[in-house]
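**Q** Predicted model and sequence follow; I will ask about them next.
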Amino acid sequence: MAQAALTVSSVAGEGPAARAGGSPPVVRTTLDHAWDGLRVVEVEAGPREIPEQVLPDNLVVLNLGGPAGCETNVDRRGWKTHHTPHHGVSVYPARLRLAGRSPGRTRYLAVEISPGLLAAAAGPLASEPALEPSIGVPDVFAAHVLLALAEEARSGGPGGSLGAEGLGTALVSHLLRRPLGARPAGGPALPPSRLRRVLEHVTEHLAAPLSLRDLAGVAGMEVFRFLRAFKGATGLPPHRYVLHARVDRSKELLADRSLSISEVALRTGFATPSHFSTVFRRVTSATPRAYRDALR
């Protein structure tokens, strides 16, 4: 993976314009670990333009933040808008020509997979294995494997290349075997169009009370069926998804020092500053004030 640095840094939008004046960097890498054929990078990024490039490696990206929007231009076919939920998975195959734009702050995990590892995982019967491109698709299995790879990297790779290769092979086999986000027959399904409506509704109404009945109504489903389908699609029950979305939005607002912490709590739907502080600390292991001070 001699060209590995190109993939993540280019898609992240890193480069000379990463800073403007005294503002925080547009892109901040919080984890970077590589094995033979695999690289795991965790990134926090602000609004950015992603220049056109041809990816040398396969790239699988997991959205770690709240619901996020982006625009992509794949193989010069024109710009398209996408909405990626928390733990939505995106796949960019090697040799894909890609340009992008991201209007807001995002936090994501990017895993590079070399063409050699992809071929080895596919086996000798697959002459030219290729991943299907997709953007922002909920897939519980893929998300769990990506998080396991991040944990392996964060702990210094105690399992060595063998452990990482096993996880990488499991991920590749899953992505080659069936379309991203496909569910086994028998369980309630939440079609992507309905899921998108629900996630957009959550994003637009974070400051207001959100009930399970309301969200089920947006999806056009009975409450119990919606509860099971939503968790199957996102990996989180609705109330936890909403809490994480509120915390992620509050992180953006805390960067604006003209807003008091009480005002941030109000704008993100928390009943009181105390409730906001309790939930924020539970999710991030820091108080809102400590998080804001760390942004200096």
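**A** Great, that's in hand. Residues are numbered from 1 along each chain as shown.
**Q** chain center to stretch 121-137, what's the gap?
**A** Computed by CA atoms, centre = their mean, to the nearest Å, the chain-centroid distance of stretch 121-137 equals 20 Å.
**Q** Just the mean pLDDT for that stretch, thanks.
**A** In this model, stretch 121-137 has an average pLDDT of 76.
**Q** And stretch 284-296, by the same measure?
**A** Rounded mean pLDDT across stretch 284-296 is 87.
**Q** Break this protein down into its structural domains.
**A** Annotated domains of the chain cover 4-177, 192-294 [automatic domain parsing].
**Q** Using a markdown table, lay out those together with mean neighbour count.
**A** C-betas here are computed from N, CA, C, even on glycine. Shown next, in a markdown table, are these (neighbours: other CB atoms under 10 Å):
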| stretch | mean neighbour count |
| --- | --- |
| domain 4-177 | 18 |
| domain 192-294 | 17 |
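**Q** Confidence-wise, which of these is weakest overall?
**A** Among these, domain 4-177 carries the lowest mean pLDDT (a mean of 80).
**Q** Please tell me how far the spatially most central residue of the chain sits from residue 289.
**A** The centroid of the chain falls nearest to residue 63 when counting by CA atoms, centre = their mean (0.5 Å). Residue 63 sits 27 Å away from residue 289, going by CB to CB, to the nearest Å.
**Q** quick revisit: need the contact list for the residue nearest to the centre of the chain.
**A** 84-90, 106-108, 136 (CB atoms under 8 Å, 6 or more residues apart in numbering).
**Q** at 10 Å what do you get?
**A** Residue 63 makes contact with 70, 84-90, 106-109, 136, 138, 143, 248, according to CB atoms under 10 Å, 6 or more residues apart in numbering.
**Q** Tell me the one among the residues you listed nearest to residue 58.
**A** residue 90 (11.5 Å; CB to CB).
**Q** partner residues bridging that closest one?
**A** residue 61 (DSSP bridges).
**Q** That one against residue 138, yeah?
**A** No: checked against CB atoms under 10 Å, the pair residue 90 and residue 138 is beyond contact range at 11.2 Å.
**Q** packing partners for the host helix or strand of residue 200?
**A** Assigned by DSSP states H and E, residue 200 falls within helix 192-204. Counting contacts by 3 or more CB pairs under 10 Å, 6 or more residues apart in numbering; DSSP states H and E, helix 192-204 is packed against strand 68-74, strand 79-84, strand 134-138, helix 212-219, helix 223-234, helix 238-254.
**Q** want to throw the ones you listed into JSON lines with distance to residue 37?
**A** Formatted as JSON lines, the helices and strands packed on helix 192-204 follow (distance: least, CB to CB, whole Å):
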{"stretch": "strand 68-74", "distance to residue 37": "24"}
{"stretch": "strand 79-84", "distance to residue 37": "26"}
{"stretch": "strand 134-138", "distance to residue 37": "22"}
{"stretch": "helix 212-219", "distance to residue 37": "40"}
{"stretch": "helix 223-234", "distance to residue 37": "29"}
{"stretch": "helix 238-254", "distance to residue 37": "32"}
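**Q** of all those, which lies closest to residue 264?
**A** Here helix 238-254 is closest among these (CB to CB), at 4.5 Å.
**Q** so what's the spatially closest residue to residue 230 that is not a sequence neighbour up against?
**A** Closest residue to residue 230 apart from its sequence neighbours, by CB to CB, 6 or more residues apart in numbering: residue 238 at 5.3 Å. Shown in contact with residue 238 (CB under 10 Å, 6+ apart): 198, 202, 210-212, 214-216, 219, 223, 226-227, 230-231.
**Q** which one of the contacts of residue 63 is nearest residue 149?
**A** Nearest to residue 149 among these, with distances taken as CB to CB, is residue 109, at 8.1 Å.
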